[in-house]
Structure formats: structure tokens, C-alpha cells
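# Need a 3D model of the following:
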Amino acid sequence: MDMAGNRPVQWIEVSGDAIDHNLALFRSIIRPESSLLAVVKANAYGHGLAEVAPRAARTAQWMGVHCASEARQLRRLGLKTPILVMGCVPPADFRDLDPDVHLVVSTEASLEWTAAYRERTGTSLGVHIKVDIGTKRQGVPVEKIPAIVTRAAKLGVEVVGIAGHFANIEDTIEHEFAMLQLRRFHDALDVIRGELGEDPPFIHCSCSAAALLFRETDFTLYRESLSGPHPRSIRPGGGASLYEYFHG
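Modelled structure (predicted):
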């Protein structure tokens, strides 16, 4: 209400059925042996974390958030799914994180903070190395992967994943840069495979648009954003379309 006690004239209604439909659609098009991660960061993109996350967990095997406080909030909501924290976790925020909380890291400092948390609490957190494949927002250059994997081993931090992020793969007309980024991700995977002696369990660079448009981005984990409506022109294989989440 406003200061005069009047009811608001603006509101948003979120369709739970649309969320169910879209997640089920993504679940149906990705590889059966792969896991689906529902990104619910920033209060589920404003849709309401408490309302959206439990519903998304019916279909998605993972939850993705930006910060450690969101991971703790999911646990308070009773969700027991693995959680991927995709943003940087500063030292002061390493608290009340269980072993099913994984961290995306791109600096040696983050590895050191993760190791310090294990020493302090006895809880080991798996890390996913974020590789810069051209988005220039966060990530380790491919040539520096050996150094960061070696540092993780020395600190006793387990590298369980590798992550990348596309800059414009939703551009349905020009795909050259997206394919360049995919080649860079394969290069990074080759390097980390060589360092670890095997593939890490969690390999992911596929976002919503990539999962819809390019089977070449199929790996072991998919990040599906619950940010809102998707372009109606994007239909997987010309089949069922995605539904808009809200109106107001």
C-alpha cells in the first residue's frame, strides 16, 4: 500500500504451471543421464525464492544461486538438492555451508578461502573451475588452468567441475562467436582432463538458449534460468514452445 493506505495498482502474478511446463520441457530435451540445474538467484529473478525453488526442485536435480546467503536460505526452506553458488564467496560468508554446496571459483584466493573453511569446520566443498571462454566476466584463462588445479590439489580442495558461459548464444542468426566459445570450452576441458587424469563429474556451459538450440553443448549439467519469458520463436526441434512465467 502507498502512504495514503491505497491498494497497489501494480503487481505481478507468477504462473507455477508455466514454471513446471518449462522445466519439464528442458528435462525432456536434455540427455537423460545429465542433470538439470534451475537457476534461482536474485530471489528467483524476483519471482520469489520461497515460492519458486521448492516447485523447481520437483523437476531439477540442482539449484543454482549467486551467493552463499541464498544457499543458506534454500536450506532453511527445506531443500536438500545440491546447490551451485555461481558468484564469488568472500571469506566472511563461509559459514553454514554443507558438503552438497558447490562453489564456482576462478581465483586462487577463492581456493584458499575454501580450504580455510574446511580446516575450520571439517566441511569440504567441491569446486567448479570457471573458465573464461570469451564472455570476459569471470573465469580462468585456459593457459592458467594447470596452475589453479595444482594449487587446489596442494590445498586439498577437490575440483569436481568445469564451467563456462556463453556471451550471445541466444542470437539465433549469427552463431560464429558462440561456436568459437564452444571450441574454447572443449580446449579447456582437454586441459583439465589432463591435469586431473579424468573428466570431472560436472561439466557445464549450457544455458537455456544453448540447451534449446545446440546439442553440441550437451555435457553433464545444464543451467536453466528461471528469469522469465523466453522468445516464443525458439522452439526445440520445432516442437512445443516455452510459456511465459508472469503477467501483471
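# ok, which stretches of the chain are helices?
16-29, 41-45, 49-56, 68-76, 108-121, 145-155, 176-196, 208-213 (DSSP state H).
# any chance of those helices in TSV, with mean neighbour count, distance to residue 94 and mean pLDDT too?
The C-beta positions use only the backbone N, C-alpha and C, and glycine is treated the same way. As requested, the helices of the chain are exported to TSV (neighbours: other Cβ atoms under 10 Å; distance: least, Cβ to Cβ, whole Å; pLDDT from 0 to 100):
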stretch	mean neighbour count	distance to residue 94	mean pLDDT
helix 16-29	17	30	88
helix 41-45	18	18	92
helix 49-56	20	21	94
helix 68-76	18	7	98
helix 108-121	17	4	98
helix 145-155	17	14	97
helix 176-196	17	24	94
helix 208-213	21	30	80
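# Using JSON lines, lay out these together with distance to residue 161.
Below are these laid out as JSON lines (distance: least, Cβ to Cβ, whole Å):
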{"stretch": "helix 16-29", "distance to residue 161": "19"}
{"stretch": "helix 41-45", "distance to residue 161": "17"}
{"stretch": "helix 49-56", "distance to residue 161": "20"}
{"stretch": "helix 68-76", "distance to residue 161": "16"}
{"stretch": "helix 108-121", "distance to residue 161": "13"}
{"stretch": "helix 145-155", "distance to residue 161": "12"}
{"stretch": "helix 176-196", "distance to residue 161": "9"}
{"stretch": "helix 208-213", "distance to residue 161": "17"}
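# Could you say which one of those helices comes nearest to residue 135?
Ranking those by their distance to residue 135 (criterion: Cβ to Cβ) puts helix 176-196 first, at 7.6 Å.
# name the helices or strands packed onto the closest one?
helix 145-155, strand 159-163 (3 or more Cβ pairs under 8 Å, 6 or more residues apart in numbering; DSSP states H and E).
# Give me the contacts around it.
For helix 176-196, the surrounding residues in contact (Cβ atoms under 8 Å, 6 or more residues apart in numbering) are 129, 131, 133-135, 142, 145-146, 149-150, 159, 162, 164, 166-169, 171, 199-200, 203, 205, 210, 214, 216-217.
# among the helices of the chain, which is nearest residue 90?
Checking the helices of the chain against residue 90 by Cβ to Cβ gives helix 108-121 as the closest, at 7.5 Å.
# Does anything pack onto that closest one? Which helices or strands?
By 3+ Cβ pairs under 8 Å, 6+ apart, helix 108-121 packs against strand 101-105, strand 127-130, helix 145-155.
# Now those in a markdown table, please, with extra columns for distance to residue 193.
Formatted as a markdown table, the helices and strands packed on helix 108-121 follow (distance: least, Cβ to Cβ, whole Å):
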| stretch | distance to residue 193 |
| --- | --- |
| strand 101-105 | 18 |
| strand 127-130 | 12 |
| helix 145-155 | 10 |
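# Out of these, which gets nearest to residue 221?
strand 127-130 (8.9 Å).
# I appreciate the help and will end here.
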